[in-house]
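Undergrad: below are the sequence and a predicted model; questions follow.
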Amino acid sequence: MPTDGGRQFQWVNATRPGRNLDQSVRKIVRTHVMNDHVRQKKHQKLRNQNAAPSRAATPSQDERPGPQFESPAVKNDVVPGALGYPSALTLWSYPIPMTARTHALLNHYVYHVTERLYPLSKQLKFNPFRGEAWFQFAVTDAAMLHALLYSGANYISLLEGKRESEDSVYHLGKTVEIVNRRLQESVTVDDSTIGALTCVALGESMSGHLDLWHVHMRGLKELIKSREDMNPLSHLLRIKLHRTDVAGAMDYAESPYLPFERANIPRVWSVIPAQQQEEIYEHLSSTLYQAGVRSDLVEIMVELAYFSSAVLLSKGDSMIQLNPSSLTEDMYWIQHQLLSFSSAPASLHGIGNIDAACRLGGLLYMKALLEEIPHSYTGPSILLDELRTHLEGIASDDGNSSLLTWLTLLGLQFTKQDLPKQWFAKHLSEIAQFPLGLGSSR
């Protein structure tokens, strides 16, 4: 392997040990290697420019345990009450050296990143990613723990308007190093390895690295296939996989990589009275059919309306708390269906502008509903560009004016740049000459 200052550049073998990746994958892997090389050079230059010692030392130096920060090897199966804080240093035996700095990153993951995995947490009965079962799984494996620390560092970088930091680069490198070694040494793939790669893939997606998201998702897809004869994935790990798959596909208007088998559990909108569900269905399906939307897309949009109504109901009534399993199952299912719609068998010859615009509107609406902070580096820009393109190809009339008004308002809400905002405002004024039939449906 080529080296840089003694560092080996390796990447995940998504097939089996001993097999070579195909040419297209090798090309993208080389791209990742070069990107990683540039990152390291950039951070090395910044370190050299700062001659005075500071707390911004390289993560690899800071990770070396010292007597004042080192986690003693105490074996205790009781999950620390101060989860993620330095006060938990003596309460758990971690698989890697832990310092005050790494505990701060773990804290960011536990108390902030988990809200991205389970958005709308105030409306939930509980957050499983803050529970004992997940903690025991996540911090007993070196690759998984480095991946969580990478996620915490990545979260901070995005809040600061950056794609990466020294901490994120370091923990990303350690995660990939461990995973790569495991895949070369064993033909079996454990849950921790898959979990670590979901963190890496999601982080690359959030940071705006589309090519690397593709690399990791192809690898994850192959790893899942290799587990066909093994025990099924846990519910939490399955949710992380779908989150990683859907989030990347959503930001880049791509199709998901992984199949989605919907779990046989109650829908999150079971909290909505049956009569209200009937009213939503009748009004929305009538509006969409009148606009010329295909029946299979209408069914997806109706489920989106049910989901939205359940969320809004729980926000307005503190006594109504949603089941987190039902929430994530329905949330990722709806997003997966919208993302897969353009590549479904019935869409082999492409879909029309009205269907394409409606699908994009559903994806944007879900983004608005979930209120995720921080947004990814790419944000909704690609979805907005595609929405505008399809809206330009639709002639407004009495039948589609309600749908087009909703889609254009979504574009106005998300658009930050002046010229696109002006276009959506002008388009809205052109639609305004037609009567609306929005009614009272949410």
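TA: Structure received. Numbers count the residues shown, from 1 in each chain.

Undergrad: backbone dihedrals for Arg262, both of them.
TA: When read as degrees, to the nearest 10, the backbone of Arg262 gives phi -70, psi 130.

Undergrad: what number of residues lie near it?
TA: 12 (other CB atoms under 10 Å). Using the backbone N, CA and C atoms, a C-beta is placed for each residue, glycine as well.

Undergrad: tell me the contacts of it?
TA: 329, 333 (CB atoms under 8 Å, 6 or more residues apart in numbering).

Undergrad: for Asp141, see how far away it is.
TA: 29 Å (CB to CB, to the nearest Å).

Undergrad: contacts for the helix or strand where Leu312 lies next, please.
TA: For Leu312, the host element (DSSP states H and E) is helix 295-316. Outside helix 295-316, the residues within contact range by CB under 8 Å, 6+ apart are 120, 123, 267-269, 271-272, 276-277, 280-281, 284-285, 288-289, 293, 320-322, 330-331, 333-334, 337-338, 341, 344, 346, 355, 358-359, 362, 365-366, 369, 441-442.

Undergrad: go again with 7 Å.
TA: Residues from elsewhere that reach helix 295-316, judged by CB atoms under 7 Å, 6 or more residues apart in numbering: 120, 123, 268-269, 271-272, 277, 280-281, 284-285, 288-289, 320-322, 330-331, 334, 337-338, 341, 346, 355, 358-359, 362, 365-366, 369, 442.

Undergrad: and what of stretch 220-240?
TA: Taking CB under 7 Å, 6+ apart as the rule, stretch 220-240 contacts 14-15, 117, 128-129, 134, 189, 191, 194-195, 197-198, 201, 241, 257-258, 325, 328.

Undergrad: now with 8 Å?
TA: With CB under 8 Å, 6+ apart, stretch 220-240 has contacts from 14-16, 117, 128-129, 133-134, 137, 187-189, 191, 193-195, 197-199, 201-202, 241, 244-245, 257-258, 263, 325, 328-329, 332.

Undergrad: in that stretch, which residues are buried?
TA: Using 16 or more other CB atoms under 10 Å as the test for burial, stretch 220-240 gives 220-224, 226, 233, 236-240.

Undergrad: chain center to it: distance?
TA: Put simply, stretch 220-240 sits 17 Å off its chain's centre (CA atoms, centre = their mean, to the nearest Å).

Undergrad: how about the residue of the chain most remote from its centre: what's its closest non-neighbour residue?
TA: Note on the chain: the largest C-alpha distance from the chain mean falls to Gln433, namely 39.4 Å (CA atoms, centre = their mean). For Gln433, ignoring the flanking residues on the chain, the nearest one in space by CB to CB, 6 or more residues apart in numbering is Ser396 at 8.0 Å.

Undergrad: quick check: that neighbour touching Phe434?
TA: Yes. Shown here, Ser396 and Phe434 form a contact pair, counting by CB atoms under 8 Å, at 5.8 Å.

Undergrad: ok, which stretches of the chain are strands?
TA: 3-4, 7-8 (DSSP state E).

Undergrad: just checking, Leu148 touches Asn107?
TA: No. If you go by CB under 8 Å, Leu148 and Asn107 don't touch, sitting 10.7 Å apart.

Undergrad: between those two, which has more neighbouring residues?
TA: Neighbours around Leu148 and Asn107, counted as other CB under 10 Å, are more numerous at Leu148. The numbers are 27 against 17.

Undergrad: kindly state the domain boundaries assigned to the protein.
TA: Taking automatic domain parsing as the reference, the chain has its domains at 3-251, 268-322+344-431.

Undergrad: picking up where we left off before, mark which of the contacts of stretch 220-240 are buried, thanks.
TA: 14-15, 117, 128-129, 134, 137, 189, 191, 193-195, 197-199, 201-202, 241, 244-245, 257-258, 325, 328-329, 332.
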